[in-house]
Every structure is written in structure tokens, then in C-alpha cells.
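Q: Test case, fold it:
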Amino acid sequence: MKQSFFEIVENTPLTKTVYRMRLVGDTSDITASGQFVNIKLDGFFLRRPISVCDVEGDTLTLVYKVVGKGTEAMSKMTEGTLDVLTGLGNGYDLSKSGDTPVLVGGGVGVPPLYLLCRRLLAVGKRPSVILGFNTREEIFYEEEFRALGVEVSVATVDGSYGTRGFVTDCLSLPAHKNATYFYTCGPEPMLKALCKATTISGQLSFEERMGCGFGACMGCSCQTLTGNKRICKEGPVLEKEELLWNAN
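A: Numbering: from 1, shown residues only. Model (predicted):
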């Protein structure tokens, strides 16, 4: 973990509630896709944990959703310096992916899969991507994934774009049916449904409220088959086989 100061160079809306912020600073402690940063905002006691969407050189890209007063304040920032804790969380393990992993993101669980996709491609893997949203108006980063040259499927709950239904309804499509492994991030009901719908192994990144963000407060602990784990420290990425709901 490292505390650094980053300059805001971009903060633009991707949808009505989702924004992309680009920062320039010391990114050396960000070593794995799936890690997150913790941002200090003036006037707020707790830092805001945001997953890393991409990192290249000294440029850090964050994609976040406005869900409360803190992220609302972030959405209005157009310049200035941010106090950021970097290198938090364990991140995804690329070594278990096989040749053709599928990356499954739901809503604001989509961003950390972008850096993961780039890094899988860099080591010769052939990932495919499934993105899930409620409506067409909420879709973001579809074109960014396509620009990487991977197969992308989109599911919308209301059927206004792509496959009607949920991300699990895309698993049988030709682009994904031979997946060797899955990586995912999204709301817990989606994660549970994905585990139930698949026979392959995978890694899941959990969204959780955090106090400190680096394991000191124990506020984000969860039970697993191998004992209690802190989402901010031993997570946010856990393996399918260690989750309690897979033992039932």
C-alpha cells in the first residue's frame, strides 16, 4: 500500500450515473488487475474505495458510479489533486485461466475486467467478455472491450439491447460456451447465479462497504470455507471453491 497524490486530468460522464476519471501520479504499487484504490475526499471522514479500471505508465483510470454524496462530489471534480491509497487488495490470478477464459461483469463490476482483459491478452490468452446491465442506457465500455479485439456479448434485463435477461443467459453463446475459466465482478446475486450456472472454476471480485480499506478495522470480513477473510485485504477476489454457497 502506498499513499500518493494524483492530479485529475479527466472526469467525464459515460452514462447518466457512471463517470470515468483519469489521474496522473505514482502508479507503481498497482501490480495486479482487480486491485482497488481508496480516495480521500474533503469533507468526508471515510475514503471511497474504487476499483482500478486501467493503468498505463503514470496514468490511472477509474470508472465509478454516483451512489451517494461522496461519489457525487467526485463527479463534480474537474481539476485538482487527490490523496489516494494505491495497491490495495489481492487482484486476479492470471495463472489459472486456461486458454479461453470468460470475463463476466455486471454494472459497476465491469471496470476491473478491462485491465484484466488487457493483461490476459498480453500473455497470449484468448478471453471473451459478457457485460450485464438493466437497460441500454446504462451500458458502458462495450466499445472499449471490442477495441481490444475480443468477443463481447451484452445482456440487458429489459431486452432493450443485446440478449434479454442476465449474464448467465449469454454463457451458452458460441463465443463463450467453451470457456476454460471465469473471472467476474458484480453484485452478489449475480455472482451466486454465475457459480450455479457454471461447472468451470473461477475467481469472483466482491463489492463490499469498507471502513479502512487495508485490513485494520475488520469491517468487511466474510466467512469462507477456509475461515474469515477480509474483502479489502485477502480479497476482493476470492475463488469459487472457497465460497460457502458452493458447499451447500
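Q: Next up, the contacts around residue 101.
A: 120, 125, 127, 128, 179, 180, 181, 182, 183 (C-beta atoms under 8 Å, 6 or more residues apart in numbering). Backbone N, C-alpha and C define where each C-beta goes, glycine included.
Q: what does the helix or strand containing the last one contact?
A: Right, residue 183. For residue 183, the host element (DSSP states H and E) is strand 182-185. Under the contact criterion C-beta under 8 Å, 6+ apart, strand 182-185 has outside partners 34, 51, 92, 97, 101-106, 109-110, 112-113, 116, 190-191, 194, 198, 200-205, 207.
Q: Could you pick out the longest strand of this protein?
A: Longest strand of the chain, by residue count under DSSP state E: strand 2-13.
Q: same for that strand, what does it pack against?
A: With contacts taken as 3 or more C-beta pairs under 8 Å, 6 or more residues apart in numbering; DSSP states H and E, strand 2-13 sits against strand 18-24, helix 69-75, strand 81-88.
Q: which one is residue 168 nearest to, not counting chain neighbours?
A: In space, and not counting its chain neighbours, residue 168 is closest to residue 197: 4.3 Å by C-beta to C-beta, 6 or more residues apart in numbering.
Q: partners of the helix or strand bottoming out on mean pLDDT in the chain in the sheet?
A: Using mean pLDDT, DSSP states H and E, strand 221-224 stands out as the lowest-scoring helix or strand of the chain, at a mean of 70. Partner strands and pairing direction for strand 221-224 (DSSP bridges) are strand 227-230 (antiparallel).
Q: what comes up buried for the partner strand?
A: For strand 227-230, a neighbour-count test (16 or more other C-beta atoms under 10 Å) marks 229, 230 as buried.
Q: now stretch 83-91
A: Within stretch 83-91, the residues scored as buried using 16+ other C-beta under 10 Å are 84, 85, 86, 87, 88, 89, 90, 91.
Q: Stretch 25-38 too?
A: Quick answer for stretch 25-38 (16+ other C-beta under 10 Å): 25, 27, 30, 32, 33, 34, 35, 36, 37, 38.
Q: Show the end-to-end separation of that stretch, please.
A: 14 Å (C-alpha to C-alpha, to the nearest Å).
Q: I'm done for today, thanks for sticking with me.
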